[in-house]
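**Student:** fold the following and give me the result.
(one chain, ligands or ions: 1)
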Amino acid sequence: MKDKKIAVFASGKGSNFAALAGAVKKWPKADIALLVCDTPGAAVLNKAKRAAVKSVLVERKNFSSRAAFERKITAHLKNEKIDVIVLAGFMRLLSPLFVRKFKNRILNIHPALLPAFKGEHGIRDAFDYGVKTSGVTVHFVDEKMDHGPIILQQAVPIRETDTLETLEKRIHAIEHRLYPNAVKLLIDEKLKITGRKVLILR
Ligand code: GRF
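**Tutor:** From the prediction side, this is the model:
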């Protein structure tokens, strides 16, 4: 099997990028060939530099349409012969056309137990709602936001003593373990999708 090339898309801090970069280094058959970032000055850009991962900055405002923006990104992906896309805090919705092009090869992580608390503020929304359990979800990306077939989920209890900050900390710690595990399953071709169900081949 040839080496699988991963592209990570991120807009912000990049703690998931860093966790993935650390994990992928130990895998024999994969590497992160590219970071795609849409936000100038995002901390993830420095993390890529430190991990010796090539990065490209593609800003939406420099393109007249989402299609043109995505064409530029696709060109970068082709250049690097990318097989798998890992969204890690990428704050843009990808078009149905883009998603179809990379069907079943794009993963996303969401800091809540989907389908609850979709959207940008999953941790805060769950905390404010008063649920006793939230968690982390890794799923395939389809044409709707935070919607595709679920690969892995882990519950995180919300304690009475939690503040938003302490909960965020625990959720992120789980993310940093769960995401590399899910990406590894995809790389090792251990995921079988049937409809909405994802079977993990042992
Ligand atoms: C994570 O909480 C992830 O679940 C969400 O965006 C956040 C990104 O954080 N999609 P970071 O940039 O990886 O630190």
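**Student:** could you tell me which ranges of this structure sit under the pLDDT cut-off?
**Tutor:** 1-2 (pLDDT under 70).
**Student:** which residue does it bring closest to the ligand?
**Tutor:** Gly89 (2.6 Å; Cβ to the nearest ligand atom). To be clear about C-beta, it is placed using only N, CA and C from the backbone, and glycine gets the same treatment.
**Student:** next one: the helix or strand containing Ala75 to chain centre, how far?
**Tutor:** Assigned by DSSP states H and E, Ala75 belongs to helix 66-79. Relative to the centre of its chain, helix 66-79 is centred 18 Å away, using Cα atoms, centre = their mean, to the nearest Å.
**Student:** same for it, what does it pack against?
**Tutor:** strand 30-37, helix 96-101 (3 or more Cβ pairs under 8 Å, 6 or more residues apart in numbering; DSSP states H and E).
**Student:** my guess is the residue of the chain closest to the ligand meets Lys13, correct?
**Tutor:** Yes. The criterion here is Cβ atoms under 8 Å, and Gly89 meets it with Lys13 at 6.9 Å.
**Student:** ok, Gly148 - how many residues close by?
**Tutor:** Neighbourhood size, Gly148 [other Cβ atoms under 10 Å]: 21.
**Student:** returning to that earlier point: could you check the angle strand 30-37 makes with the helix holding Ala75?
**Tutor:** Angle between the axes of helix 66-79 and strand 30-37 is 150 degrees (criterion: axes from the mean of the first three to the mean of the last three Cα atoms, to 10 degrees).
**Student:** domains in the chain, by residue range?
**Tutor:** Using automatic domain parsing, the domain parsing of the chain gives 1-102, 108-202.
**Student:** quick one: the helix of greatest length in the chain to chain centroid distance?
**Tutor:** Scanning the chain for the helix with the most residues, using DSSP state H, yields helix 164-187. Averaging C-alpha positions (Cα atoms, centre = their mean) puts helix 164-187 10 Å from its chain's average.
**Student:** can you list the buried residues in the helix or strand that comes right after it?
**Tutor:** The helix or strand immediately downstream of helix 164-187 is strand 191-194, counting by DSSP H and E. The neighbour-count check on strand 191-194 (16 or more other Cβ atoms under 10 Å) flags Leu191 as buried.
**Student:** mind giving me the packing neighbours of the helix or strand following strand 191-194?
**Tutor:** Beyond strand 191-194 in the direction of the C-terminus, DSSP H and E gives the next helix or strand as strand 197-200. On a contact count with 3+ Cβ pairs under 8 Å, 6+ apart, strand 197-200 meets strand 150-157, strand 191-194.
**Student:** same thing but 7 Å
**Tutor:** Where contact means 3 or more Cβ pairs under 7 Å, 6 or more residues apart in numbering; DSSP states H and E, strand 197-200 is packed against strand 191-194.
**Student:** which helices and strands does the strand it packs on pack with?
**Tutor:** strand 197-200.
**Student:** the ligand contacts on the protein?
**Tutor:** 10, 12-17, 88-89, 109-111, 175 (Cβ under 6 Å from any ligand atom).
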